[in-house]
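J.: compute the structure for the input listed below.
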Amino acid sequence: MPFKSLEIIEPILQSLREEGYSIPTPIQVQAIPIVLDGGDLLGCAQTGTGKTAAFAIPIIQLLCTNQSYDKRKKIRSLILTPTRELAIQIGESFKNYGRHTKLAYTVIFGGVNQLSQTQALQRGVDILVATPGRLLDLMNQGFISLKDIEIFVLDEADCMLDMGFIHDVKRVLAALPKKRQSLFFSATMPSEIVKLADTICKNPTKVEITPGQPTVDIIEQFVYFVDKGNKSALLIDVLSDNKIKSALVFTRTKHGADKVVKDLLRHNIRAEAIHGNKAQNARQRALANFKEQTTRVLVATDIAARGIDVDEMEFVINYEIPNVSETYVHRIGRTGRAGAKGTAFSFCDAEEKAFLKDIEKLIRKKIPVIDKHPYPLIDHHPVKAPRQQRPQRSDYSRHKPESVGDRRRLIRVPRV
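T.: Model (predicted):
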């Protein structure tokens, strides 16, 4: 089924042809007609399935066909998203799909000077892509009014919830007109997300893609069992394969990301880190270098997991197994996008085996193990602190300790 069969207008079709798009993905096939008909939408789709185009294309068409003739442009569509990288990515999509229309858009996010953003807003925009913090800040300063919003999109709702933006989202919702079209997208649908969706959408049509299989099937997944202290050496060994032209490596912490970069640079492997402590211009420069393959390895924390979109990126490496199973899905979803092939490697030490088990339960498959490598797992049962026993109340009724350490030092005195 070509895009033309979805009754897309010619200016957008021309842009899609220039982008090399010919066949819509399943979520685009289902979502675009619903949005064009003016209905609310509740979309659940795994990452990399093309859901940005699923809402961007029909929004551009609706705003074009209902063009306002006011000299001063008003914000008619708001896309709210959790991270800077994702906001920039969505903004680029609107730019690409709407290049042959007269619609104006801008992207606002924190971490940078607001001047260029406020100047764009003062010139007037039809479509605003924003992160919650900067949006509320500029609303409080009087630069943004949401009273003319016709179409509202909440993207990556589960990530928004995980990052603690729920109160900001509710403040934004309170400023929106009650009469509007609402589109709600999330990669997962736990009960908290369903409750949030009920407050945003009115009788939405639900579109759910591959509900029984949360990971992208086309991605090949493998796990290496390795001692924690040998992960760096294993990463160097894996990257010695010349077939890996570039790789996205995930760590759990910012410090861990910086450490991995230092290890790679010592072995003459071009690498940069991207995480919350990096300035926005440094993050954008690192991402641009990675896209241009000037940097071979980009090391990221999970805050960037849903905002990195690199065409034909084939390899993702979980240097550390995430302790939240859904995070694994978002990480590996950076590859295998829109039908392209992808490979995900995960380095699992003994203490991460429980995380791996939870991931396999979520994705409903056993991840194949690569056991022929130079750094096999030796310490299968790392020493852990003994389970603390709760003391009998009578032993400490008169000497309540201030901490576990104090408790251990108390002398057990039998009652007389």
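J.: distance of Cys159 from Arg84?
T.: Distance of Cys159 to Arg84, computed by C-beta to C-beta, to the nearest Å: 13 Å. Just so you know, the C-beta spots here come from the backbone N, C-alpha and C atoms, and that holds for glycine as well.
J.: low-confidence ranges, the stretch 151-300 of the chain, go.
T.: By pLDDT under 70, the weakly predicted segments of the stretch 151-300 of the chain are 210-217.
J.: show me where it has helices.
T.: Ranges of helices in the stretch 151-300 of the chain, per DSSP state H, counting those that start in this stretch, are 157-162, 166-175, 191-200, 231-238, 254-266, 280-291.
J.: dump those helices into JSON lines; add distance to Leu248 and mean neighbour count as well.
T.: Shown next, in JSON lines, are the helices of the stretch 151-300 of the chain (distance: least, C-beta to C-beta, whole Å; neighbours: other C-beta atoms under 10 Å):
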{"stretch": "helix 157-162", "distance to Leu248": "17", "mean neighbour count": "22"}
{"stretch": "helix 166-175", "distance to Leu248": "28", "mean neighbour count": "14"}
{"stretch": "helix 191-200", "distance to Leu248": "26", "mean neighbour count": "15"}
{"stretch": "helix 231-238", "distance to Leu248": "12", "mean neighbour count": "19"}
{"stretch": "helix 254-266", "distance to Leu248": "11", "mean neighbour count": "17"}
{"stretch": "helix 280-291", "distance to Leu248": "8", "mean neighbour count": "17"}
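J.: mind putting those helices into JSON lines with distance to Val112?
T.: Shown next, in JSON lines, are the helices of the stretch 151-300 of the chain (distance: least, C-beta to C-beta, whole Å):
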{"stretch": "helix 157-162", "distance to Val112": "21"}
{"stretch": "helix 166-175", "distance to Val112": "18"}
{"stretch": "helix 191-200", "distance to Val112": "28"}
{"stretch": "helix 231-238", "distance to Val112": "32"}
{"stretch": "helix 254-266", "distance to Val112": "19"}
{"stretch": "helix 280-291", "distance to Val112": "5"}
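J.: wait, which of those is closest to Glu272?
T.: helix 280-291 (4.0 Å; C-beta to C-beta).
J.: run through who's touching the closest one.
T.: 84-85, 88, 109, 111-112, 246, 248, 272-274, 278, 295, 298, 304, 308, 310-311 (C-beta atoms under 8 Å, 6 or more residues apart in numbering).
J.: just how off-centre is it within its chain?
T.: 17 Å (C-alpha atoms, centre = their mean, to the nearest Å).
J.: next one: stretch 158-167
T.: 12 Å.
J.: ends of it, what's the gap?
T.: 14 Å (C-alpha to C-alpha, to the nearest Å).
J.: same question for stretch 258-273.
T.: 6 Å.
J.: the nearest residue to Leu146 once chain neighbours are set aside and Val207, how far apart?
T.: Leaving aside its chain neighbours, Leu146 sits nearest to Ala175 (4.6 Å; criterion: C-beta to C-beta, 6 or more residues apart in numbering). Separation of Ala175 from Val207 (C-beta to C-beta): 27 Å.
J.: coming back round to it: are any of the contacts of helix 280-291 buried, and if so which?
T.: Neighbour-count burial (16 or more other C-beta atoms under 10 Å) applied to the contacts of helix 280-291 gives 84-85, 88, 109, 246, 248, 272-274, 278, 295, 298, 304, 308, 310.
J.: and the furthest pair within those?
T.: Largest separation among the buried ones among the contacts of helix 280-291 by C-beta to C-beta: Phe109 and Ser246, giving 25.3 Å.
J.: isn't Pro132 up against Ile79?
T.: No: between Pro132 and Ile79 there is no contact under C-beta atoms under 8 Å: 11.7 Å.
J.: brilliant, that's me finished.
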